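Visitor: Okay, sequence plus prediction incoming.
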Amino acid sequence: MPEGIVIDRTNNTVHISRTYAAGVDRAWWAWTDPEAITRWWGPKGWAATVYEMDVRPGGRWRFQIAPVDGSAAAVRCVATYRAVVPCAELAYDDTFADEAWQPDGTDTFPTTVTFAAAGTGCTVDVAASFPDHAALRRAVELQMADGYAEALARLGDVLDNRNNPR
């Protein structure tokens, strides 16, 4: 398991944390700008497409990730924001969706992303909750935590690239 990942089987959560040299405002931009998020969301070798990103309580984020080489089917998700505290917290309910963007019948994963200053940089913490042990086990088997870790590593590349806005 990569560093920074904690799988809590007692509480059915996956927690991933990473610290960056960039400030909170830049990390916030990378999580809330549709174009920025396509540069890093998903595991290495996968491309993200954002179809909707309405960052406000009740707003939706519709996206898909797909392997660049076409080796697997695209994964579609709809996240509905529960809480948005600029430069501090994003909380959303994430659910897998079918081709018509309807929930596919699998579980919803409440996720909270927090942003905190850390010296001259920031720490981004992601906590995903699962309804039961079986759902957590499925997420582990699908390597969801590893995918998050890879995405957060890719986020570091975007944050370090000074050619990006902000």
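Guide: Right, received. Where do you want to start? Numbering: from 1, shown residues only.
Visitor: only C-alpha atoms for contact and neighbour calcs from this point on.
Guide: OK.
Visitor: The longest strand seen in the chain pairs with which strands, parallel or anti?
Guide: Longest strand of the chain, by residue count under DSSP state E: strand 103-118. Here strand 103-118 is paired, per DSSP bridges, with strand 89-97 (antiparallel), strand 121-129 (antiparallel).
Visitor: contacts for the last one?
Guide: Meaning strand 121-129. Strand 121-129 is contacted by residues 11-24, 27, 109-117 when judged by Cα atoms under 8 Å, 6 or more residues apart in numbering.
Visitor: and it, average pLDDT?
Guide: Averaged across strand 121-129, pLDDT comes to 95.
Visitor: now swap in the first one and tell me
Guide: Regarding strand 89-97, the rounded mean pLDDT is 95.
Visitor: can you give me how far it is from the chain middle?
Guide: Remark: strand 89-97 is offset 9 Å from the chain centroid, using Cα atoms, centre = their mean, to the nearest Å.
Visitor: got the CA coordinates for that strand in CSV?
Guide: Extracted C-alpha coordinates of strand 89-97, given in CSV (Å, rounded to 0.1, in the frame of the first residue of the first chain):
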residue,chain,number,x,y,z
GLU,A,89,-13.5,21.6,2.4
LEU,A,90,-15.4,19.8,-0.4
ALA,A,91,-17.8,17.2,0.7
TYR,A,92,-19.7,15.1,-1.9
ASP,A,93,-21.6,11.9,-2.4
ASP,A,94,-20.0,10.0,-5.2
THR,A,95,-21.9,7.3,-7.1
PHE,A,96,-21.1,5.2,-10.1
ALA,A,97,-23.3,5.9,-13.1
